[in-house]
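Student: no sequence for this one, just the structure:
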């Protein structure tokens, strides 16, 4: 953007606190497309700020460094920085900064699968944001809280949250937040097997994120578009979206997204091309990254996929071992939406072993959990809510797509707070 270019031009002559502020602003911007550069600028800003005892500069540097580490899947290190930010902010009673720090901490706990603490920090952040009437922060928070409910299979509450996110982001003129909320509504449609609606939401989100040049968000949405194509048995386009996402994730050095993309490519090789060695290579790479980063929720998907591949290879003990891990994590973290795929694969593995009694038991468990997750009344309520939302927003659709002024000035630290889109992998 023009603002980034102008800051880069004045950076060489900037000194002391002013230089630290410019470096932190640039670091926040580059989080979206160049993590190594973001880290370099953040570290230099921190060095200057510590030398000058510049508290604001220190806090912003900690935040940016935490975001870099989070994108790389180093959750404990990121959490350490966010806690330091919270300590600094508490010293000066900065409510706006405090709710942002609380949100960052909540997101880390969610990524690590610690939902008790994630909910606590989300609730604390939401209380502050409501108190100060910060529409932009409320839009961010409702996106994250919606993702929290989505993880737990409460699709109706998640839909309500995402619609609130759109409303608040629209009030604040926060286009990135609106784009991510649209992407999250696409996830709801995806989970309900409403593929055409999901694709519509994802394409809308992708167009807005391309305008904003948000490479991290683009990579996530490409994965989700691939997932929809996979669900629609459009394997050629699925692989096209996944390969583009993999290239971008490696370019931006986002290992979390790389892990999700490797999973998805492995799934295409397994389900469509029946190339089991290639599928294993990508799935094992995905699981390695997820386990290294402590991403337990996402690892469940890959464990189930690996179980399916091992079943096809006739390695039934390995298949069951992967499923036991997936089941244990899902029960421990109360990840109800994960259970149907686990029970279904248990049934298929036991059937391949000719243990039909066990296979039938898991088919029954799968049917029961599916009924509880996607009851007709719940699906009807979600559909009605989305229709009301789309009707109310129809007149503003052009504005939603074309309003790209934010791309010119999207460079403050607040703009780079991550409005996560779930990558369904």
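Tutor: Cool, the structure landed. The model shown is predicted, which means the values in this text are computed figures rather than measured ones.

Student: and for residue 205, the neighbour number?
Tutor: 26 (other C-beta atoms under 10 Å). (C-beta placed from N, C-alpha, C; glycine too.)

Student: wait, residue 196
Tutor: If you count neighbours by other C-beta under 10 Å, residue 196 ends up with 9.

Student: what's the distance between it and residue 273?
Tutor: 25 Å (C-beta to C-beta, to the nearest Å).

Student: same check on residue 161?
Tutor: Counting by C-beta to C-beta, the gap from residue 161 to residue 273 is 38 Å.

Student: got the buried residues for stretch 200-209?
Tutor: 200-202, 204-209 (16 or more other C-beta atoms under 10 Å).

Student: host element of the nearest residue to residue 14 once chain neighbours are set aside?
Tutor: Distances taken as C-beta to C-beta, 6 or more residues apart in numbering put residue 22 closest to residue 14, at 5.3 Å, once the chain neighbours are dropped. Following DSSP states H and E, one finds residue 22 within helix 16-30.

Student: re the thing from before, am I right that the residue nearest to residue 14 is in contact with residue 12?
Tutor: No: in this structure residue 22 lies outside contact range of residue 12 using C-beta atoms under 8 Å: 10.2 Å.

Student: the two: who's more crowded?
Tutor: Taking neighbours as other C-beta under 10 Å, residue 22 and residue 12 compare with residue 22 leading, 17 against 7.

Student: who are the neighbours in contact with that one?
Tutor: By C-beta atoms under 8 Å, 6 or more residues apart in numbering, residue 22 lies in contact with 7, 10-11, 14.

Student: between these, which sits nearest residue 356?
Tutor: The shortest approach to residue 356 among the contacts of residue 22 belongs to residue 7, at 66.8 Å (C-beta to C-beta).

Student: can you tell me the SS state at residue 354?
Tutor: coil (DSSP: H, G, I helix; E, B strand; the rest coil).

Student: could we number from 601 for the rest of this?
Tutor: Got it, first residue is 601 now, which makes that one residue 954.

Student: any idea how many residues pack against it?
Tutor: 7.

Student: low pLDDT regions in the stretch 601-750 of the chain?
Tutor: 601-602 (pLDDT under 70).

Student: what segments of it are helices?
Tutor: Secondary structure of the stretch 601-750 of the chain (DSSP state H, counting those that start in this stretch): helices at 602-610, 616-630, 635-651, 655-671, 675-692, 695-711, 715-732, 735-751.

Student: assign residue 824 to helix, strand or coil.
Tutor: helix.

Student: gap between it and residue 906?
Tutor: Applying C-beta to C-beta to residue 824 and residue 906 gives a distance of 22 Å.

Student: check residue 689 too.
Tutor: 43 Å.

Student: neighbour-wise, which of the two wins?
Tutor: Neighbour count, other C-beta under 10 Å: between residue 689 and residue 906, residue 906 has more, with 27 against 22.

Student: what strand or helix carries that one?
Tutor: helix 896-912.

Student: next one: that helix to chain centre, how far?
Tutor: Going by C-alpha atoms, centre = their mean, to the nearest Å, the spacing between the C-alpha centre of helix 896-912 and its chain's C-alpha centre is 20 Å.

Student: what about residue 730, distance to residue 724?
Tutor: 11 Å.

Student: let me fix that, I meant to ask about residue 704.
Tutor: 12 Å.

Student: more neighbours, those two?
Tutor: Taking neighbours as other C-beta under 10 Å, residue 704 and residue 724 compare with residue 704 leading, 25 against 16.

Student: list the contacts of that one.
Tutor: Neighbours of residue 704 in contact, by C-beta under 8 Å, 6+ apart: 663, 666-667, 670, 678, 682, 685, 1017.

Student: nearest to residue 842 among those?
Tutor: Closest to residue 842, out of all of these and judged by C-beta to C-beta, is residue 670, at 22.8 Å.

Student: surely the closest one and residue 709 touch.
Tutor: No: using C-beta under 8 Å as the test, residue 670 is too far from residue 709 to be in contact (11.6 Å).

Student: so for these two, which sits in the more crowded spot?
Tutor: residue 670 (24 against 19).

Student: measure the residue lying closest to the more buried one once chain neighbours are set aside to residue 621 for me?
Tutor: Distances taken as C-beta to C-beta, 6+ apart place residue 678 nearest to residue 670, at 4.2 Å, with adjacent residues excluded. Here residue 678 is placed at a distance of 22 Å from residue 621 (C-beta to C-beta).

Student: and the helix holding residue 906, what does it pack onto?
Tutor: helix 855-871, helix 876-893, helix 916-932, helix 939-952 (3 or more C-beta pairs under 8 Å, 6 or more residues apart in numbering; DSSP states H and E).

Student: now do the third one against helix 939-952: the angle between them, please.
Tutor: It stands for helix 916-932. Following axes from the mean of the first three to the mean of the last three C-alpha atoms, to 10 degrees, one obtains 160 degrees for the angle between helix 916-932 and helix 939-952.

Student: mind listing what the nearest residue to residue 657 once chain neighbours are set aside touches?
Tutor: Using C-beta to C-beta, 6+ apart and skipping the chain neighbours, the partner closest in space to residue 657 is residue 649 (3.1 Å). By C-beta under 8 Å, 6+ apart, residue 649 lies in contact with 617, 620, 655-658, 660-661.

Student: can you check residue 699 too?
Tutor: 724-726, 728-729, 732, 734, 737, 741.
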